[in-house]
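Asks: fold the following.
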Amino acid sequence: MIEPDTIRLLRECDAGIRMGVSAIDDVIGRVTDDRLSRRLAVCKNEHRQLSSELQTQLDRFGDGGKRPSAMASAMSSLKTNVKLTLHPGDSTVADLMTDGCNMGVKSLSRYLNEYGAADERAKDAAKKLIAIEENLSADLRRYL
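Replies: Residues are numbered from 1 along each chain as shown. Take a look at the predicted model:
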């Protein structure tokens with residue numbers, strides 16, 4: 001039971017990382033504050049580093065990971081574009097990114113519980129991603 005739960009948890013983390021990187025890519029070009037832009041770039045780098053670690057773990061099982069659903073990606077991008085067109089600015093970016101972080105933390109926490117038999121390395125990766133998302137959310141509050 002450990003192996004299937006481990007793979008499932010790693011896949012969900014992989015999908016979450018891809019969604020996070022995509023969300024940052026969608027907004028970073030519209031940011032005006034240099035500190036906010038740098039913070040988003042740092043977070044994107046943290047996601048990519050963790051992605052590399054996850055891929056190493058997934059490779060052990062011969063698994064290529066998981067892409068976010070096309071519908072979720074399209075809806076996220078559409079929401080971002082509409083909101084930033086109607087209300088451009090760093091506060092809108094912070095609002096969108098905070099919502100994304102909160103959804104990611106909620107989902108990953110659910111997956112940690114659902115895939116409780118996953119090995120500790122996979123659980124640690126999920127916890128690390130949760131921490132990255134929580135830290136970004138906290139840092140964005142100054143821009144809301």
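Asks: so which elements touch the lowest-mean-pLDDT helix or strand in the chain?
Replies: Across the helices and strands of the chain, mean pLDDT, DSSP states H and E gives its lowest value to helix 70-86, namely a mean of 90. The contact analysis (3 or more Cβ pairs under 8 Å, 6 or more residues apart in numbering; DSSP states H and E) places helix 70-86 against helix 2-28, helix 90-114. The C-beta positions use only the backbone N, C-alpha and C, and glycine is treated the same way.
Asks: can you give the distance of that helix from its chain's centre?
Replies: 16 Å (Cα atoms, centre = their mean, to the nearest Å).
Asks: got it, and stretch 47-67?
Replies: 14 Å.
Asks: residues touching that stretch, excluding its own?
Replies: 3, 6-7, 10-15, 17-18, 20-21, 24, 121-122, 125, 128-129, 132 (Cβ atoms under 8 Å, 6 or more residues apart in numbering).
Asks: 7 Å instead?
Replies: Applying Cβ atoms under 7 Å, 6 or more residues apart in numbering, the contact partners of stretch 47-67 are 3, 7, 10-15, 17-18, 20-21, 121-122, 125, 128-129, 132.
Asks: so of the helices and strands packed on helix 70-86, which one's packed in deepest?
Replies: Mean neighbour count, computed with mean count of other Cβ atoms under 10 Å, is highest for helix 2-28 among the helices and strands packed on helix 70-86, reaching a mean of 21.
Asks: what's the mean pLDDT across that helix?
Replies: Averaging pLDDT along helix 2-28 gives 95.
Asks: what angle do it and helix 70-86 make?
Replies: 20 degrees (axes from the mean of the first three to the mean of the last three Cα atoms, to 10 degrees).
Asks: I'd like to know which elements helix 2-28 is packed against.
Replies: helix 34-60, helix 70-86, helix 90-114, helix 120-140 (3 or more Cβ pairs under 7 Å, 6 or more residues apart in numbering; DSSP states H and E).
Asks: now the helices and strands packed on helix 70-86 in a markdown table, with distance to residue 137?
Replies: Converted to a markdown table, these look like this (distance: least, Cβ to Cβ, whole Å):
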| stretch | distance to residue 137 |
| --- | --- |
| helix 2-28 | 11 |
| helix 90-114 | 4 |
